[in-house]
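S.K.: Next input, structure requested:
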Amino acid sequence: MADVEKLTATRYLAPGGGTAWFNKFVQRLTKLGLSVWGSRVLAVRGRKSGEVREVPVNLLAYEGKQYLVAPRGQTQWVRNLRAAGEGELRVGRRVQAFTYRELADTEKPALLRSYLKRWKFEVGVFFDGVDASASDETLLRIAPGYPVFEVLPR
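M.R.: Prediction:
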């Protein structure tokens, strides 16, 4: 694997102070039942602690299916989801239990484009200048740094 591919595959951007505040705000609204542009609270068992961890995520609907995209890369929720094999997506009292299928890099360009069209104002900074108008080749090149999961009913 080329050096740039290794860096992209292990890419992780830790949240800063402003992000933590914004995430708590969105999470609180979503728990009250107010989805902010498709937000859900992802609940997944921690891989080390075994305790349920929660984080707000954007649920992408694309061609009749649902997806989770990790714009910060190999985040804690990504690692926990992989270890647990399942999770829950919540809005208010509605709970959607799910398993997943992680997408191969070759499957990601159209989904990354759709994700950026919908949430560029929120997550564009994590894409290093790449936006929804990027070529498929560019999106394929960055794909290893952005885990994508198809949400499947449990």
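
S.K.: Residue ranges in this structure under the pLDDT threshold?
M.R.: Residues of the chain that meet the criterion pLDDT under 70 lie in 1-9, 15-19.

S.K.: all strands in this protein, in order from the N-terminus.
M.R.: All strands of the chain, identified by DSSP state E, fall at 39-45, 52-62, 65-69, 87-91, 94-102, 148-153.

S.K.: Trp119: which of the ones you listed is closest?
M.R.: Relative to Trp119, the nearest member of the strands of the chain by Cβ to Cβ is strand 52-62, separated by 5.5 Å. Glycine gets a C-beta too; all of them are placed from N, C-alpha and C.

S.K.: Any chance you could list what contacts that closest one?
M.R.: In this structure, residues lying in contact with strand 52-62 by Cβ atoms under 8 Å, 6 or more residues apart in numbering are 23, 26-27, 30, 37-46, 66-69, 76-77, 80, 89, 110-111, 114-115, 118-119, 122-123, 151.

S.K.: quick one on the thing from earlier: of the strands of the chain, which is nearest Asp128?
M.R.: Taking Cβ to Cβ as the measure, the strands of the chain were each checked against Asp128, and strand 65-69 came out nearest at 15.2 Å.

S.K.: In its sheet, which strands sit next to the closest one, and in what direction?
M.R.: strand 52-62 (antiparallel), strand 148-153 (antiparallel) (DSSP bridges).

S.K.: would you turn those into TSV with mean neighbour count?
M.R.: As requested, the strands paired with strand 65-69 are arranged in TSV below (neighbours: other Cβ atoms under 10 Å):
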stretch	mean neighbour count
strand 52-62	18
strand 148-153	17
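
S.K.: I'd like those as a markdown table, with distance to Asp131 appended.
M.R.: Written out in a markdown table, the entries for the strands paired with strand 65-69 read as follows (distance: least, Cβ to Cβ, whole Å):
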| stretch | distance to Asp131 |
| --- | --- |
| strand 52-62 | 16 |
| strand 148-153 | 17 |
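
S.K.: picking up where we left off before, can you tell me which of the strands of the chain is nearest to Phe127?
M.R.: Evaluated over these, closeness to Phe127 peaks at strand 65-69, with 10.6 Å, by Cβ to Cβ.

S.K.: Return the alpha-carbon coordinates of that closest one using CSV.
M.R.: Only the C-alpha atoms of strand 65-69 are listed here, as CSV (Å, rounded to 0.1, in the frame of the first residue of the first chain):
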residue,chain,number,x,y,z
LYS,A,65,-31.1,2.5,1.4
GLN,A,66,-29.6,4.1,4.6
TYR,A,67,-25.9,4.7,5.2
LEU,A,68,-23.6,6.0,7.9
VAL,A,69,-20.6,7.9,6.8
